[in-house]
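Undergrad: Need coordinates for the following:
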Amino acid sequence: MSTSMLLTVWSGLGVAAWILLGVVIDYLAGDLPWTYHPVRLICGTVNTFERVVRFVFRTRWGLRLGGALITLAIAGLVLAIITGLLVGADDISVWVFRLLVVVLIFGGVSLRGLSDSALAVYAPLLGSHWEDARYHLAMMLGQDTSHLSNHDMVRATIETVTANTCNGIVGPLFYGFLGGPAWLWVYKSINTMNAMIGRVDAQYRDLGWFAAHADKIFNWIPARLTGWTILMAAGLEGRFRNAYQVMREDGRHHPVPNSGIFEAAMAGALGVGLGGPNSYGGLVAFKPRIGNPERPLVPRMIVHAVTISIRATLILLIGFTVISVMWTGHWL
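TA: You can find the predicted model right below:
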């Protein structure tokens, strides 16, 4: 495989229109069914590798080494497989290559999935069906929600919408435009491994250490892009200064610095206070309060957060498209 071929398939700037088409299809069609989703294959591979590593390594540093091997091996496999598919498609036809780009972007971005998941919590909250809301929020978070009050369910949904704006939209699009679908899926694999094994509980503290740190590095730029696009989306409502002030002052209070940036930006954009209790593996952790509670945390704030997320995505897409056209000199 030549260097020029790698540069062709490892760049999204030359296929900006097809990346946009993939996003549009995702928004219209929603996420792939879980049975057929590529992330399911990544999850299954992580589980298999974890069993092997736990059988071979028993000490703290052994588990850390094993966790690093899992992260590097799966990210490397994803990069190699998708790069090979893209090169093979390009050898067949430029249109087959473009079609594959659209499919990979469609599978790697979760704009519609984010909206649907948030609205699935909003609707029962609006109708005072608290247990239904807790069920859908638990599905969205992957955490226990039985301890959350109605107020905290709204807050947790907004925080999850904001986090998924980074992890499910901005991050994939950043790496998609920068390195093509192959690097988008490397990002997705690292993000998935962090969600599975990069936790702070005793079972995964050592095994997931490397995955958690890799995710922090890969999310450094997307987290800041997410924060700034939320600020620009807030500016459309005349709240840029409020959102910027909260992001600057409260973002650093979050226990996860990357997350603090975009959560604080969203809190300022909405004029609400975020932070509070969250359950991790049965343990309830309290995050510091972020934002100035100018407005109450009522269910309609979930819709407002989704609206800001969509606006931020459109701003990002416009920016990346302009850069792509300026870089390549053409649209298609």
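Undergrad: C-alpha from now on. contacts and neighbour counts both.
TA: Fine.
Undergrad: other SSEs contacting the helix or strand hosting residue 6?
TA: Here residue 6, judged by DSSP states H and E, is contained in helix 3-9. Judged by 3 or more Cα pairs under 8 Å, 6 or more residues apart in numbering; DSSP states H and E, helix 3-9 is in contact with helix 60-92, helix 171-197.
Undergrad: Can you point out the buried residues in the first one?
TA: The neighbour-count criterion (16 or more other Cα atoms under 10 Å) identifies 62-72, 74-75, 78-79, 82-84, 86-87, 89-90 as the buried residues of helix 60-92.
Undergrad: if we can go back for a sec, I'd like the helices and strands packed on helix 3-9 written out as JSON lines, with mean pLDDT and distance to residue 5 added.
TA: JSON lines is the format used below for these (pLDDT from 0 to 100; distance: least, Cα to Cα, whole Å):
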{"stretch": "helix 60-92", "mean pLDDT": "95", "distance to residue 5": "7"}
{"stretch": "helix 171-197", "mean pLDDT": "96", "distance to residue 5": "12"}
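Undergrad: closest one to residue 165 among these?
TA: Of all the helices and strands packed on helix 3-9, helix 171-197 sits nearest to residue 165, with 8.2 Å by Cα to Cα.
Undergrad: Report all helices and strands that that closest one contacts.
TA: helix 3-9, helix 16-29, helix 38-56, helix 60-92, helix 94-108, helix 209-218, helix 220-235.
Undergrad: where does this protein have low pLDDT?
TA: Applying pLDDT under 70 to the chain flags the ranges 1-2, 276-286, 331-332.
Undergrad: For residue 108, which residues are in contact?
TA: 168, 172, 184-185, 188 (Cα atoms under 8 Å, 6 or more residues apart in numbering).
Undergrad: The same query, at a cut-off of 6 Å, please.
TA: Residues near residue 108 by Cα atoms under 6 Å, 6 or more residues apart in numbering: none.
Undergrad: separation between it and residue 48?
TA: 22 Å (Cα to Cα, to the nearest Å).
Undergrad: picking up where we left off before, could you export the helices and strands packed on helix 3-9 to JSON lines, including columns for distance to residue 135?
TA: Formatted as JSON lines, these follow (distance: least, Cα to Cα, whole Å):
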{"stretch": "helix 60-92", "distance to residue 135": "31"}
{"stretch": "helix 171-197", "distance to residue 135": "20"}
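Undergrad: For residue 23, find the nearest of the ones you listed.
TA: Of all the helices and strands packed on helix 3-9, helix 171-197 sits nearest to residue 23, with 9.1 Å by Cα to Cα.
Undergrad: Now do the closest one against helix 16-29, angle only.
TA: 60 degrees (axes from the mean of the first three to the mean of the last three Cα atoms, to 10 degrees).
Undergrad: Could you figure out how far helix 171-197 is turned away from helix 220-235?
TA: 120 degrees.
Undergrad: what comes up buried for helix 171-197?
TA: Neighbour-count burial for helix 171-197 [16+ other Cα under 10 Å]: 171-197.
Undergrad: Please apply the same query to stretch 23-42.
TA: 23-27, 30-31, 38-39, 42.
Undergrad: Now compare these and name the two farthest from each other.
TA: Across those (Cα to Cα), the longest gap, 24.5 Å, separates 24 and 42.
Undergrad: quick one on the thing from earlier: return the member of the buried residues of stretch 23-42 nearest to residue 315.
TA: residue 23 (13.4 Å).
Undergrad: List the contacts of residue 118.
TA: Residue 118 neighbours (Cα under 6 Å, 6+ apart): none.
Undergrad: Helix or strand: which one has it?
TA: helix 111-126.
Undergrad: Setting the sequence-adjacent residues aside, check what's closest to residue 222.
TA: residue 171 (4.9 Å; Cα to Cα, 6 or more residues apart in numbering).
Undergrad: typo on my end, residue 65
TA: Counting by Cα to Cα, 6+ apart, residue 65 lies nearest to residue 207, which is 7.8 Å off, once chain neighbours are set aside.
Undergrad: Same question for residue 50.
TA: residue 70 is the one closest to residue 50 (Cα to Cα, 6+ apart), at 7.4 Å.
Undergrad: ok, now how distant is that neighbour from residue 156?
TA: For residue 70, the distance to residue 156 - Cα to Cα - is 31 Å.
Undergrad: try residue 52
TA: Taking Cα to Cα, one finds residue 52 at 35 Å from residue 156.
Undergrad: same question, residue 211
TA: Taken as Cα to Cα, the span from residue 211 to residue 156 is 24 Å.
Undergrad: So if I had to pick from these two, which one is more boxed in?
TA: A count of neighbours by other Cα atoms under 10 Å puts residue 211 above the other of residue 211 and residue 156, at 29 against 23.
Undergrad: list the contacts for that one?
TA: Counted by Cα under 6 Å, 6+ apart, residue 211 has contacts 71, 194, 198.
Undergrad: Distance of it relative to residue 46?
TA: 11 Å.
Undergrad: and if you look at residue 218?
TA: Residue 218 is 19 Å from residue 46, by Cα to Cα.
Undergrad: Compare these two and say which is more crowded by neighbours.
TA: Using other Cα under 10 Å, the more surrounded residue of residue 218 and residue 46 is residue 46, with 22 against 16.
Undergrad: Sweet, I'm off.
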